[in-house]
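Undergrad: Got a predicted structure plus its sequence, pasted below:
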Amino acid sequence: MWTISGMYFSWTDIDEIHGDQFKKEKPRQTAFSNLLGTEQLASEEPIQTLKLLEIANEPYYWINEANLFSAKTGNEKNGITKAEAKQVANRYMLPDLEIRGIKRIEKVDAHHEYRGRPLPAYEISYKTPQNLKAYVAIENGAFQTVRHRNWRWFDFLWMNHTMDYQGRDNFNTIILRAFSLLGLITVLSGFLLWYISSPTIRKLVKKKRK
């Protein structure tokens, strides 16, 4: 399995695994003007961090990695809608991709393809043979990632390659260590067997004894 997965990793383009072929090279950037100052926002908490985001062609401030405010009205926004999520996805994905459906996901398990990313989120499916899906975070409308058939194969093989059947990213599992040690012992025993059974080695040993 290590050999098969290793060959797959070496022969695949990691950018294609990431789904770059389904995304625009440079998403369109909208120039905004006459935005409100931070003192005009309907926020009572002190501002530690601030990011200007574009959601469905509208400007928003993402405050303290937790709260979303309109940069035009100053009002707080409690997540994005499905329609806005589609617009966010359209900004990043190729224009010829047709959306098949969209659903809200609240939680995922450790094996889900969207594991380790902000929840809740919208899962946007496309009409493609690759079962393409895009994910957009609901809290701030951030485009997260895309997943498709080749990525899922890569993920499956990576899990077996690392032998981490829980989170897929732990290289220090007992199973992996045991198989690594077994592999080393197998290789060394093979060299030893070759050494003691080789006719050439036997002849050299006999000559030295004489």
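TA: Thanks, I have it.

Undergrad: sec struct for the spatially most central residue of the chain, please.
TA: Residue closest to the average C-alpha location in the chain (Cα atoms, centre = their mean): residue 145, at 6.4 Å. Per DSSP: H, G, I helix; E, B strand; the rest coil, the secondary structure class of residue 145 is strand.

Undergrad: Quick one: neighbours of the residue nearest to it when sequence neighbours are not counted, just the number.
TA: Nearest non-adjacent residue to residue 145, counting by Cβ to Cβ, 6 or more residues apart in numbering: residue 135, 5.5 Å away. Using the backbone N, CA and C atoms, a C-beta is placed for each residue, glycine as well. Other residues near residue 135 come to 22 when the count uses other Cβ atoms under 10 Å.

Undergrad: again with residue 30
TA: Count around residue 30 with other Cβ under 10 Å applied: 10.

Undergrad: Tell me who's in contact with it.
TA: By Cβ atoms under 8 Å, 6 or more residues apart in numbering, residue 30 lies in contact with 54, 57, 59.

Undergrad: picking that back up, residue 114 is in contact with the residue nearest to the centre of the chain, correct?
TA: Yes. Applying Cβ atoms under 8 Å, one finds residue 145 in contact with residue 114, separated by 7.4 Å.

Undergrad: With adjacent residues omitted, what lies nearest to residue 82?
TA: That would be residue 102: by Cβ to Cβ, 6+ apart, it lies 5.3 Å from residue 82.

Undergrad: Would you mark the buried spots in stretch 105-114?
TA: 113-114 (16 or more other Cβ atoms under 10 Å).

Undergrad: export that stretch as CSV, just CAs?
TA: Presented in CSV, the C-alpha positions along stretch 105-114 are these (Å, rounded to 0.1, in the frame of the first residue of the first chain):
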residue,chain,number,x,y,z
ILE,A,105,-23.9,21.7,7.4
GLU,A,106,-23.6,22.2,11.1
LYS,A,107,-21.1,19.5,12.1
VAL,A,108,-18.9,16.9,10.5
ASP,A,109,-17.0,13.9,11.8
ALA,A,110,-13.2,13.4,11.7
HIS,A,111,-13.4,11.7,8.3
HIS,A,112,-15.5,14.3,6.5
GLU,A,113,-13.8,16.0,3.6
TYR,A,114,-14.5,19.4,5.2
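
Undergrad: need the helices for the chain, in chain order.
TA: For the chain, the helices defined by DSSP state H occupy 2-11, 14-17, 82-92, 149-162, 174-197, 199-209.
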